[in-house]
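Trainee: after the sequence you'll find the predicted model.
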Number of protein chains: 2
Amino acid sequence: MIGASFATALRPRFDRISMLEPDDGHAGHALSTGQADERVEAVPEHADAVLLACPSDQIAGWVVRLAAHPGLVLDTGSVKGALVREVRNALGHLPTNWVPCHPIAGLERTGPAVADGDLFRDRKVILTPGPDVAAADRERVADWWRSAGALVEQMDPEEHDQVYARTSHLPHLLAFAYLLGIEEDDLAHTGGGFRDFSRIGGSDPIMWSGVFERNRPALLAALDGFERHLADFRQAIEAGDMDRCRSLIAAARARRSGGSDP
Amino acid sequence: MIGASFATALRPRFDRISMLEPDDGHAGHALSTGQADERVEAVPEHADAVLLACPSDQIAGWVVRLAAHPGLVLDTGSVKGALVREVRNALGHLPTNWVPCHPIAGLERTGPAVADGDLFRDRKVILTPGPDVAAADRERVADWWRSAGALVEQMDPEEHDQVYARTSHLPHLLAFAYLLGIEEDDLAHTGGGFRDFSRIGGSDPIMWSGVFERNRPALLAALDGFERHLADFRQAIEAGDMDRCRSLIAAARARRSGGSDP
């Protein structure tokens, strides 16, 4: 889905789009709709860009194998620190042709049939290139994403992982743990609040267990913080300290709006 | 908001709608828009129905004071068990003219300016009447709510509180505790998942600290369950047991849809 959406959005920028796709159904769809011009068995030797839209646990292997490729290599994984460490451990350095990317879009569905050339429009794409990637190459990659309508930003990979542990990975973990306590009969008594709160709890088990594994240190740190705040609430509720409870809720509410406590 | 919405929806069913409203601005709005016919200083002696749409901590006092009123008394509080206990403790019994109601609608905003005659349409209203309320009186109250388009259901008050602790009160508590861990700079990196998950974290501190206080036993029980499930996840993540993590996520996801584990 990510790969075909990128190809669709970037169609005018490239002469030829080749696709390395193990799934025959996906490959057939992409060819018949013109998302790709050809299906290949190996990465073409003279590609300007290689987009890795593969499962996250295969990214590092591809980056290592493509370290001497003349084109620029882009991945789309949602965890960056562990990936950078894995590649550095394998090669002893970071390839200068690799610009790690995290498009903040389209995590819920997979496959080229749900691809969308507007998927990245007005969405953030975070780049976490190593220090030895040439400024002109970083700018080329940023420019491709901007062609797809994205808002490009550069971050340190570890800082990226800490921020997304708090804003994305932890909420998924909490929604999953919350849903495990819901009983069948409870579902007749759910409203809009439940639906919104638990929507991300419908996300894919394989993808998310992978995210949790790869971003373990930052996720556990975010979880530690959450558990401290939850313990504050429990203590206030158990003690019947409603002034404290009100001030915690008011502070939480202010955090959401990014404004000050009203 | 609840009171004016009920009055608007039920307008054709009553000859005269009197309003006991301490706020001059709210009262003026309700009179000028025809939501109410008159503002009164005391509950009219011969009203067929008295709707208590007051703050939750004032409901029990009104139910007790109106125990001998010839009309039917309806409240709209979102916690039922503690309320029933409080009234029973004060009177030694439950008034036969009181039908406790919980409309599952409209918790986010207040005041008659945001009232809506369609607020209750297709929304559940839970009734938790005591055993001595006449069947005909329960039916009259149910019929009024159905006139407003609501889906009426009867439950035991303690069971009601346990179910809503899990489906509504706990998610609010978790969203509040989660938001306390969000840093100012994180807000630039939030997407649709964050927005949906944290939306209920913008709810009113006074109302929700009151709900937490009144539904303390059921809320703490729901919180205990959540913490056990969260500990299961933490253990799986810390141990790198991704099979376990995947199966927990799959079970959570199945809970949401009410279906079986795919």
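Mentor: Thanks, I have it. None of these values were measured; they are calculated from a predicted model.

Trainee: mind jotting down where the strands sit in chain A?
Mentor: A:18-19, A:38-39, A:49-52, A:72-75, A:98-103, A:124-127, A:151-154 (DSSP state E).

Trainee: pLDDT weak spots in chain A?
Mentor: Applying pLDDT under 70 to chain A flags residues A:106-109, A:257-262.

Trainee: one step back: right, and the strands of chain A - which one's nearest chain B?
Mentor: Across the strands of chain A, chain B has its closest neighbour in strand A:124-127 (7.1 Å, CB to the nearest CB). Every C-beta, even on glycine, is put in place using the N, C-alpha and C of the backbone.

Trainee: coming back round to it: including distance to chain B, could the strands of chain A go into CSV?
Mentor: As requested, these are exported to CSV (distance: least, CB to the nearest CB, whole Å):
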stretch, distance to chain B
strand A:18-19, 27
strand A:38-39, 29
strand A:49-52, 21
strand A:72-75, 19
strand A:98-103, 10
strand A:124-127, 7
strand A:151-154, 8
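
Trainee: wait, which of these is closest to B:P131?
Mentor: Closest of these to B:P131 is strand A:124-127, at 57.9 Å (criterion: CB to CB).

Trainee: give me the sheet partners of that closest one and which way each runs.
Mentor: Partner strands for strand A:124-127, per DSSP bridges, with pairing direction: strand A:98-103 (antiparallel), strand A:151-154 (parallel).

Trainee: winner for burial among these?
Mentor: strand A:98-103 (a mean of 26; mean count of other CB atoms under 10 Å in any protein chain shown).

Trainee: and the gap between the closest residue to A:A218 other than its chain neighbours and A:D224?
Mentor: Leaving aside its sequence neighbours, A:A218 sits nearest to A:A165 (CB to CB, 6 or more residues apart in numbering or on different chains; 3.8 Å). As for A:A165, its distance to A:D224 is 11 Å (criterion: CB to CB, to the nearest Å).

Trainee: with A:P55 instead?
Mentor: As judged by CB to CB, A:P55 and A:D224 stand 29 Å apart.

Trainee: and the residue of the stretch 1-150 of chain A at minimum distance from chain B, what is it in contact with?
Mentor: Using CB to the nearest CB, A:I104 is the residue of the stretch 1-150 of chain A that sits closest to chain B, at 5.3 Å. Residues in contact with A:I104 (CB atoms under 8 Å, 6 or more residues apart in numbering or on different chains) are A:123-126, B:189, B:191.

Trainee: pull out the buried residues from stretch A:43-60.
Mentor: A:43, A:47, A:49-54, A:56, A:59-60 (16 or more other CB atoms under 10 Å in any protein chain shown).

Trainee: let's have the residues you listed in a markdown table, adding distance to B:E183.
Mentor: Shown next, in a markdown table, are the buried residues of stretch A:43-60 (distance: CB to CB, whole Å):
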| residue | distance to B:E183 |
| --- | --- |
| A:V43 | 40 |
| A:A47 | 40 |
| A:A49 | 34 |
| A:V50 | 35 |
| A:L51 | 32 |
| A:L52 | 31 |
| A:A53 | 31 |
| A:C54 | 32 |
| A:S56 | 26 |
| A:I59 | 28 |
| A:A60 | 29 |
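
Trainee: give me the domain ranges for chain A.
Mentor: Domain assignment for chain A by automatic domain parsing gives A:2-155, A:161-257.

Trainee: next up, the contacts around A:H172.
Mentor: Residues in contact with A:H172 (CB under 8 Å, 6+ apart) are A:200-201, A:203, A:208, A:211, B:193.

Trainee: which one of these sits closest to B:L151?
Mentor: Closest approach to B:L151 among the contacts of A:H172 (CB to CB): A:G201, at 25.0 Å.

Trainee: could you find the closest non-adjacent residue to that closest one?
Mentor: With CB to CB, 6+ apart, the residue lying closest to A:G201 is A:A175, at 3.7 Å.

Trainee: tally of neighbours for that neighbour?
Mentor: If you count neighbours by other CB atoms under 10 Å in any protein chain shown, A:A175 ends up with 25.

Trainee: go ahead and confirm it touches B:F194.
Mentor: No. With contacts counted by CB atoms under 8 Å, A:A175 stays clear of B:F194, the gap being 11.2 Å.
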